[in-house]
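Asker: predicted model, plus sequence, below.
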Amino acid sequence: MKQAYVNGKIFTSDREALYAEAMVVADGVIEWIGMNKDMPAACGKAVDLGGKTVIPGFVDAHMHPVMLADFSQQIACLPPKINSIAQLIDEIARAGKDKQGGDWIQGWGYDEGKFAEHRSPNRYDLDKGSRDLPVFLVRSCEHIRCVNSKALEIAGITRDTPDPQGGEIERDEHGEPTGVLKENARDLVLPFMPKETEADSIRALKDLGDLLTSQGIVAVTDMGNLHEGGNYGLYKGAEEQGFKQRVALYYMWDYFMDDPDFILTPELMDMNQRIHIAGLKLIGDGSVSGRTAWMYEPYLGGEDCGIAVYSDESLEKAIDYAKKYKCQISVHAMGGRAIDRVVDRVCKEDDWMDGRVPFVRVEHLTEPTESAIEKAAAKGIAFATQPIFAFCEIETYLKNLGPERIKREYPIRNMLDAGVKLCLSTDAPATSWAVPSDPFPNIKSAVTRIAYDGTDIGQEQKIDIERAIMLYTAEAAEVSGFQGLGRLKPGYLADFAVLSNDIFSVDPDDIDKIKVEQTYIEGERVYG
């Protein structure tokens, strides 16, 4: 079946022809695209776009959909609902009234920089909300957990519990755990928590898919399961219930490194499938907000430079596995030392993916060195970065780095000018924003380099709106291995979004006010 779309302002993300006015779609694939006057005859029924701006559907190349779906059932520890630890305590107490013995009170997204008290909550704060039920909160960066005394008791964490390798049990001046668990220490409580059923997770994923279509998001990457086993089955189940996004999954290497039965078959990694496994994920360091990103320069007001997380043995085994099974390696690395560590090592390898997709991708890139940027560009290593971090976590960025240093962070323009294969993404829900998967605040940050509170976060590194959308569509699809996606051109899938306003002419300060009016996947309207 053919369908024509006419009278639009269509941005294609195709460098050969960035703008068009009309396109013809046949069986979910773009057959022709160009100007109204050049449209071929016999194009089927025409849909008048009424001058609206159309862009390719967004591809979020780094997020955690299963976690985001799960978090929708928990306390959102974020403004505008919660602006202080005192309000957090009240919300924990309220949530506890609906719980029974054996239940846990869970919350996500807290950021001490946004609390009126300007500090992290601790076990003693959470105890005021609930002494009898365990409380488990996830910081916005995902690299830190905060639990109450009951949760510490259940997990058997005491002053005598040693720090795990690559992690820290924060302690007070008396040596007692504060309830704040950093990096690998965050996993100490997980085995004791109630497990959601597979049916619960599938249902939550399906509901999340509806939110994503309303945001124009047509494909996502699942950047690592935070539990044993993988998420592939959950997405297949959600697909059966109506989840429409394409998905690329990365499996957290720590859970599979020593499993001889872990084999990624060609069928599972077929990039032409709607849901495919893309590769392995390693954690190289932590976050800027948590002062655990592994930097060369100490954080403001101290001598700490962050934490190195994965072991050399882990990376070596991952490289051997990826070369054998022809899959990508993805490494979380924010600080310069963490970035150099992975880039310097993988630069010694030849491209084991034969150019089909970047053989290695590095995530976040808060403070890359010039050396890392040059080597990545020369070797074809992809970078996936998130402008939203400094935009919405500005309070802790200022506290931990200072106003001048933050202007050098996330040097998007420098990376592009050097020729790095780069894409934008959100890392949702791992950031302090009420609707963390929303693409438009993220784009606004890249284009303006002004934080939500008006702080200058580096004018020299801002990019134009066309480039930002290309990084969020065409480039994101290529980095993640989505075939025939991210561009509006013949032979590509008809996945696109119709916007409420012309994103190319609005004041950049108003980009985050733009909404998606309609979303199409394979030529079918799935939203609006």
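Answerer: Received it, and whenever you're ready, just let me know what you need. Numbers count the residues shown, from 1 in each chain.
Asker: CA only for contacts and neighbour counts going forward, please
Answerer: Noted.
Asker: E112: what's it in contact with?
Answerer: With contacts defined as Cα atoms under 8 Å, 6 or more residues apart in numbering, E112 is in contact with H118, R119, S120, P121, T396.
Asker: among those, name the buried ones.
Answerer: A residue is treated as buried here by neighbour count (16 or more other Cα atoms under 10 Å); on that basis the buried members of the contacts of E112 are S120, P121, T396.
Asker: let me know the helix or strand that the residue sitting nearest the centre point of the chain is in.
Answerer: The geometric centre of the chain, computed from its C-alpha atoms, lies nearest to D427 (Cα atoms, centre = their mean), at 1.7 Å. Element membership for D427, per DSSP states H and E: none, as it lies in no helix or strand.
Asker: start at 30 instead
Answerer: Right, with 30 as the first residue, what we last looked at is D456.
Asker: thought it was touching Q415?
Answerer: Yes - in this structure D456 lies within contact range of Q415 using Cα atoms under 8 Å: 7.1 Å.
Asker: what's the spacing between T460 and Y153?
Answerer: 25 Å (Cα to Cα, to the nearest Å).
Asker: who has more neighbours out of the two?
Answerer: With neighbours defined as other Cα atoms under 10 Å, T460 and Y153 compare such that T460 has more, 27 against 15.
Asker: that one reaches F420, doesn't it?
Answerer: No - with contacts defined as Cα under 8 Å, T460 does not count as touching F420, sitting 9.9 Å away.
Asker: start and end of stretch 38-51, how far apart?
Answerer: By Cα to Cα, the extent of stretch 38-51 from end to end equals 8 Å.
Asker: buried residues of that stretch, list them for me.
Answerer: Of all the residues in stretch 38-51, those buried under the rule 16+ other Cα under 10 Å are K38, I39, F40, T41, S42, L47, Y48, A49, E50, A51.
Asker: pLDDT of that stretch, averaged?
Answerer: Per-region confidence: stretch 38-51 scores 97 on mean pLDDT.
Asker: tell me the two of the buried residues of stretch 38-51 that are most distant?
Answerer: Pairwise distances across these (Cα to Cα) peak at 14.7 Å, for the pair S42 and A51.
Asker: the spatially closest residue to T502 that is not a sequence neighbour in helix, strand or coil?
Answerer: In space, not counting the residues next to it along the chain, T502 is nearest to G515; the distance is 4.5 Å by Cα to Cα, 6 or more residues apart in numbering. The local conformation at G515, judged by DSSP: H, G, I helix; E, B strand; the rest coil, is coil.
Asker: for M324, same thing?
Answerer: Assignment for M324 (three-state DSSP): coil.
Asker: residues in contact with it?
Answerer: Neighbour list for M324: C334, G335, G364, G365, R366, A367, E396 [criterion: Cα under 8 Å, 6+ apart].
Asker: how near is the residue nearest to it when sequence neighbours are not counted to G335?
Answerer: The shortest distance from M324 to any non-neighbouring residue, by Cα to Cα, 6+ apart, is to G364 (4.4 Å). Distance, G364 to G335, by Cα to Cα: 8 Å.
Asker: what do the two both touch?
Answerer: Taking Cα under 8 Å, 6+ apart as the criterion, G364 and G335 both touch D314, A322, W323, M324.
Asker: and those, which is closest to W61?
Answerer: When the shared contacts of G364 and G335 are ranked by distance to W61 (Cα to Cα), D314 comes first, at 45.9 Å.
Asker: the closest one belongs to a helix?
Answerer: No - secondary structure of D314 (three-state DSSP): coil, not part of a helix.
Asker: give me the distance between it and S461.
Answerer: 19 Å.
Asker: who does the helix or strand hosting A122 touch, helix- and strand-wise?
Answerer: When elements are assigned from DSSP H and E, A122 belongs to helix 114-125. When contacts are defined as 3 or more Cα pairs under 8 Å, 6 or more residues apart in numbering; DSSP states H and E, helix 114-125 packs onto strand 104-105, strand 134-139, helix 152-158.
Asker: so that helix versus strand 134-139, what angle?
Answerer: For helix 114-125 against strand 134-139, the angle between stretch directions is 150 degrees (axes from the mean of the first three to the mean of the last three Cα atoms, to 10 degrees).
Asker: quick one: mean pLDDT over helix 114-125.
Answerer: The model assigns helix 114-125 a mean pLDDT of 96.
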